[in-house]
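**Q** Next come a sequence and a model predicted from it.
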Amino acid sequence: MNRQREVLSILISFITGVACAVLMPRLIGGVADRWLFPLDHHEAARTTSPDGTVDAVTEVIECGAPCSSTYAVSVVPRGDAAPTDAAQRIFVADDVVNRRVQWKELHLLDISYDKAFIHSFRNVTYPLGRAGNVESWRYAVEIHLSPSSARFPYLSEAKPAKTLQ
């Protein structure tokens, strides 16, 4: 009887330890994300394609005082909201200076800036593409990045690098 209590006590302690190891980081992370780093997404600009089929949507994502503003660009069917899935974004960057998003041609979107710390970029997107519908994948948009300098505008404030001989 005493041996069974000891084994039961060890088993309960083990299960409690595993539960704490799995659940506590998620609980603490969720509280920290909600209270210390709350994300606020809001649409900053929307530009309709020349044929009126899709919109280029620029969002500003704020996470509070410890973070810089993040800019995200997505191409969506006209009038649709920006996607909540980060994988749908074609451009994500921090510290963007003088951003401009404009259609250069029917299927060519230009993102220009003076300075940007780019986290992700995709040069082609299929905003109307739907699984199982082959025809919907025929509408493509190419994205072109246009930094205002041919040099390295983000690193220009850093110490000059040694040139290779």
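**A** All right, it came through fine. Residues are numbered from 1 along each chain as shown.

**Q** Give me the neighbour count for V73.
**A** V73: 25 surrounding residues under other CB atoms under 10 Å. Backbone N, C-alpha and C define where each C-beta goes, glycine included.

**Q** And for H107?
**A** For H107, the count of nearby residues is 16 (other CB under 10 Å).

**Q** Report pLDDT for it.
**A** At H107, the pLDDT value in this model is 95.

**Q** Distance of it relative to F117?
**A** 28 Å (CB to CB, to the nearest Å).

**Q** Tell me where the chain is predicted with low confidence.
**A** Along the chain, segments meeting pLDDT under 70 span 1, 29-39, 64-66, 151-165.

**Q** let's go with 90 and repeat that
**A** In the predicted model, the chain carries pLDDT under 90 at residues 1-42, 61-69, 83-87, 95, 97, 114-116, 147-165.

**Q** Tell me which stretches of it form strands.
**A** 40-48, 54-62, 70-77, 91-97, 100-105, 108-113, 115-121, 124-125, 141-147 (DSSP state E).

**Q** Could you figure out how far the fourth one is turned away from strand 141-147?
**A** Spelled out, it's strand 91-97. Put simply, strand 91-97 runs at 30 degrees to strand 141-147, going by axes from the mean of the first three to the mean of the last three CA atoms, to 10 degrees.

**Q** Excluding chain neighbours, give the residue nearest to the residue most central in space within the chain in space.
**A** Nearest to the geometric centre of the chain sits A86, at 4.6 Å (CA atoms, centre = their mean). In space, A86 comes closest to V92 once its chain neighbours are excluded; the distance is 7.5 Å by CB to CB, 6 or more residues apart in numbering.

**Q** can I see the domain layout of this structure?
**A** What the record gives for the chain is the domain set 1-36, 40-147, from automatic domain parsing.

**Q** related to what we said a few turns ago, pretty sure the residue nearest to the centre of the chain sits against H119.
**A** No - contact between A86 and H119 fails when scored by CB atoms under 8 Å: they sit 9.8 Å apart.

**Q** Need the residues touching each of the two.
**A** Common neighbours of A86 and H119, using CB atoms under 8 Å, 6 or more residues apart in numbering, are V92.

**Q** Can you add distance to R3 and give the strands of the chain back as JSON lines?
**A** As requested, those are exported to JSON lines (distance: least, CB to CB, whole Å):
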{"stretch": "strand 40-48", "distance to R3": "57"}
{"stretch": "strand 54-62", "distance to R3": "58"}
{"stretch": "strand 70-77", "distance to R3": "59"}
{"stretch": "strand 91-97", "distance to R3": "59"}
{"stretch": "strand 100-105", "distance to R3": "71"}
{"stretch": "strand 108-113", "distance to R3": "70"}
{"stretch": "strand 115-121", "distance to R3": "58"}
{"stretch": "strand 124-125", "distance to R3": "65"}
{"stretch": "strand 141-147", "distance to R3": "69"}
